[in-house]
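Sequence first, predicted model second:
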Amino acid sequence: MSGDLPLSSLDPAERAELRSTIRAAADESGFPSRARDLEGQSAHPGLDADLWRVLAEEIGIAGVGLPDSAGGLGGLAEILDVAEELGAALAPVPYLTSTVLAGQILAACGDAATPYLERIVSGEIAAAAVTDRAGRLGEITCTSDGASVTGSVRFVAYGTSAAFHVVAALIGDDVDLFIVEAGDAQAHPLPSLDFTRPSATVTFDSSAATRLTTGGSGAAALEYGVDIALLATAADQLGGAQRCFDMTLEYIKFRRQFNREIGSFQAIKHRMADALMLVEMARSGLDRATWEHSDQPSVDAAVVKAWCTDAYNAVVAETIQLHGGVGFTWEHDAHLYFRRARYDAAFLGDATYHRARIAALLDW
């Protein structure tokens, strides 16, 4: 993956410590099991404010991957480390959508975006009202002087909890980027299968806006930010798939049927081997997209998102099946990962969308 974002700025020991600290914070907060408690939460749905405060302010993940000039640290590798750990824990926090999607779009906008990046680093939540969940540009237009925007975007993650919105709007045929403060927009929550990933329809009605880009340069910044967010989503999927595999492996070692552990049956072994292959191939693909200096980063991002989507969906399905009757129950965590897998699959475009995108990018 190319761009201004460094590959990494921490040594392996520091990266391992960052991972373990995030894991410990999530465990202490009771996740993933506490994710079911968020069902029906009316105030700031899908957000554990206490966990976000610990992760953002004490551990500092709100700035991971953002420019040093705004108080951030780390590079692409650290973004994916954080996303993988949060995905494994089903952490109900806006790192993926605020720091990564909104933050990377802003980071590509130059100095004008620095004050807003600093707000993200401090823990404020930014909502990226730029595309719908299928990756298509929202229907937002801007006045000719760039002073206000009008339109709406559906499926904006954490739209009801945001302090401000990063908005992609059309001026003629050009796409430029704007900031709209939360008080100048209307956010209406939408039902979400995943309790930990809230969505909203955000509407702008001649809303006062601060312009960040001109002359259509917002399109490149938007593409760059979305590509980074696709990789981070793939890391979230990888973290969830790995946790599902580990959970299932542990279960088949002690669950007994016909006087033996079910993991000793060849049919179960084959299904677990297939699941492991999916997880390891997802990890290899993500590593390649991270560390290879590709001249086609959008292709890499689309390939990894499509593959990790299929892998996560398949592994979580095996988790439910191989846990037998208990895997279908509300009390077991399997359905929580199923919900996240389905949300991640649709976020910024599903596997079918990205395969078509790959073909278009490669002129197939």
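Received the coordinates, thanks.

Quick check: what element follows the helix or strand harbouring His270 along the chain?
Per DSSP states H and E, His270 falls inside helix 266-291. Moving toward the C-terminus from helix 266-291, the next helix or strand (DSSP H and E) is helix 297-322.

got the buried residues for that following helix?
Residues 297-320, 322 are the ones in helix 297-322 that count as buried (16 or more other Cβ atoms under 10 Å). (C-beta placed from N, C-alpha, C; glycine too.)

what's the answer for stretch 8-21, then?
Across stretch 8-21, burial judged by 16+ other Cβ under 10 Å covers Ser8, Ser9, Leu10, Arg15, Leu18, Arg19, Thr21.

still on that earlier bit, same for the helix holding His270, what does it pack against?
Applying 3 or more Cβ pairs under 8 Å, 6 or more residues apart in numbering; DSSP states H and E, one finds that helix 266-291 contacts helix 76-89, helix 218-254, helix 297-322.

Helix 76-89 and that one, what's the angle between them?
On the basis of axes from the mean of the first three to the mean of the last three Cα atoms, to 10 degrees, helix 266-291 is oriented at 150 degrees to helix 76-89.

The residue lying closest to Ala162 once chain neighbours are set aside: what secondary structure?
Distances taken as Cβ to Cβ, 6 or more residues apart in numbering place Ala127 nearest to Ala162, at 3.5 Å, with adjacent residues excluded. The three-state label given to Ala127 by DSSP: H, G, I helix; E, B strand; the rest coil is strand.

Now do Ala127, the pLDDT please.
On pLDDT, Ala127 comes in at 93.

Go ahead and confirm it touches Val153.
No. Ala127 is not in contact with Val153 according to Cβ atoms under 8 Å; the separation is 9.2 Å.

now the helices for the stretch 51-200 of the chain?
76-89, 103-107, 114-121 (DSSP state H, counting those that start in this stretch).

which residues sit against the second one?
Applying Cβ atoms under 8 Å, 6 or more residues apart in numbering, the set of residues contacting helix 103-107 from outside is 4-5, 65-67, 70, 113, 116-117, 120, 126, 128, 130, 166, 177, 212, 221-222, 224-226, 228-229.

Would you mind checking which helix or strand in the protein has the lowest mean pLDDT?
strand 256-257 (a mean of 78; mean pLDDT, DSSP states H and E).

Next one: the residue of the chain positioned farthest from its centre from Thr196, what distance?
The outermost residue of the chain relative to its centre, with distances by Cα atoms, centre = their mean, is Asn259 at 43.2 Å. In this view, Asn259 and Thr196 are 40 Å apart by Cβ to Cβ, to the nearest Å.

CSV please, covering the buried residues of stretch 8-21 and showing distance to Gly327 and pLDDT.
Below are the buried residues of stretch 8-21 laid out as CSV (distance: Cβ to Cβ, whole Å; pLDDT from 0 to 100):
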residue, distance to Gly327, pLDDT
Ser8, 37, 88
Ser9, 41, 87
Leu10, 37, 91
Arg15, 33, 96
Leu18, 32, 97
Arg19, 28, 97
Thr21, 31, 98
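
Out of the residues you listed, flag the one nearest to Arg283.
Nearest to Arg283 among the buried residues of stretch 8-21: Arg19, at 14.2 Å, using Cβ to Cβ.

Now do the contacts for that closest one.
Asp81, Glu84, Glu85.

Quick one, which of those residues are buried?
Asp81, Glu84, Glu85.

for those residues, which one is nearest Met272?
The shortest gap between Met272 and any of those belongs to Glu84, at 20.9 Å (Cβ to Cβ).
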